[in-house]
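Chemist: Structure here, sequence nowhere to be found:
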């Protein structure tokens with residue numbers, strides 16, 4: 001950042017000393033800026049330098065003032081892609097919720113002063129400051145608090161980028177997005193209005209075929225022959241600092257949960273089809289701590305009405 005100051009030309013009857021033109025450099029925001037010429041009247045060398053330094057001090061203090069922290073507002077809408085980076089989501093400017101957008105903030109907070117650069121913090125610390133970002137709170141924001149089945153709405157935690165952090169921004173927010181396969185669906189109304197005008201069954205979370213590993217690619221349920229529908233997603237590690245319980249422990253726990261969750265939706269006598277996905281140690285360290293339970297969509301349709 002360079003500043004240029006211009007002073008009026010002196011009148012002809014003023015006598016100037018040999019210090020009448022002084023060329024200064026000043027360090028502002030890590031850049032050296034050649035930015036001033038001063039013209040001094042015939043005063044002592046020390047007085048001239050003192051006057052110049054006093055003016056520099058007042059200018060420099062103004063020049064390096066940090067911008068104020070930006071706040072994240074609940075209800076604001078954003079338009080970023082699922083394939084984008086976390087910094088792209090953070091840098092996105094809010095847009096009108098009646099214009100195409102893919103995300104809407106349902107919770108916001110302020111990071112503690114000792115949090116550090118978000119990109120370099122531990123997963124446990126990030127989970128700790130986003131504890132309010134739960135499915136329950138997300139569904140309350142969407143007026144889906146009475147919904148039993150998982151939906152294609154998902155939560156995205158957004159932290160300031162490194163550049164924003166350096167600029168003094170200390171907000172943290174959680175956005176709700178609506179998945180359409182691997183992408184976020186663009187909407188032109190606030191999320192809660194979309195929910196109010198959309199059949200509940202349209203929100204159901206299906207996979208295009210038999211589920212494999214953990215998935216966040218949520219598709220609409222349209223094919224009764226191939227789709228599997230998620231009937232339950234349960235958190236296995238509600239405490240952010242909880243250590244991974246071990247592969248065999250989470251496997252057994254998940255299977256018990258999913259067997260019970262599948263019963264109301266299947267009636268086959270020869271075999272009892274359901275699919276369970278549990279966290280791995282690597283996934284756990286990234287914050288993936290839920291058990292996911294699926295049943296064939298064909299069986300689900302036979303045994304239920306619209307959910």
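Modeler: On my side now, so go ahead. Not measured: the values here are computed from a predicted model. Numbers count the residues shown, from 1 in each chain.

Chemist: Can you list the residue ranges for strands in the protein?
Modeler: Residue ranges of the strands in the chain, as given by DSSP state E, are 21-28, 31-39, 77-78, 103-110, 153-158, 171-180, 183-184, 206-207, 228-235, 275-277, 290-296.

Chemist: Lowest mean pLDDT across these, which one is that?
Modeler: Least confident of the strands of the chain, judged by mean pLDDT, is strand 21-28 with a mean of 30.

Chemist: Next, count neighbours for residue 142.
Modeler: Using other CB atoms under 10 Å, residue 142 is surrounded by 23 other residues. No exception for glycine: its C-beta is placed from N, CA and C like everyone else's.

Chemist: circling back: could the strands of the chain go into TSV alongside mean neighbour count and distance to residue 146?
Modeler: Supplementary listing: the strands of the chain in TSV, determined by neighbours: other CB atoms under 10 Å; distance: least, CB to CB, whole Å:
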stretch	mean neighbour count	distance to residue 146
strand 21-28	12	57
strand 31-39	14	58
strand 77-78	22	25
strand 103-110	20	17
strand 153-158	20	14
strand 171-180	22	17
strand 183-184	18	25
strand 206-207	21	21
strand 228-235	21	16
strand 275-277	20	25
strand 290-296	24	20
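
Chemist: would you list those in a markdown table and tack on distance to residue 256?
Modeler: What follows is those, written out as a markdown table (distance: least, CB to CB, whole Å):
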| stretch | distance to residue 256 |
| --- | --- |
| strand 21-28 | 63 |
| strand 31-39 | 62 |
| strand 77-78 | 39 |
| strand 103-110 | 31 |
| strand 153-158 | 25 |
| strand 171-180 | 27 |
| strand 183-184 | 33 |
| strand 206-207 | 22 |
| strand 228-235 | 11 |
| strand 275-277 | 9 |
| strand 290-296 | 9 |
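
Chemist: Among those, which comes closest to residue 214?
Modeler: In terms of CB to CB, the element of the strands of the chain nearest to residue 214 is strand 275-277, at 5.1 Å.

Chemist: what's across from the closest residue to residue 203 other than its chain neighbours in the sheet?
Modeler: In space, and not counting its chain neighbours, residue 203 is closest to residue 151: 4.3 Å by CB to CB, 6 or more residues apart in numbering. On DSSP bridges, the residues paired with residue 151 through beta bridges are residue 204.
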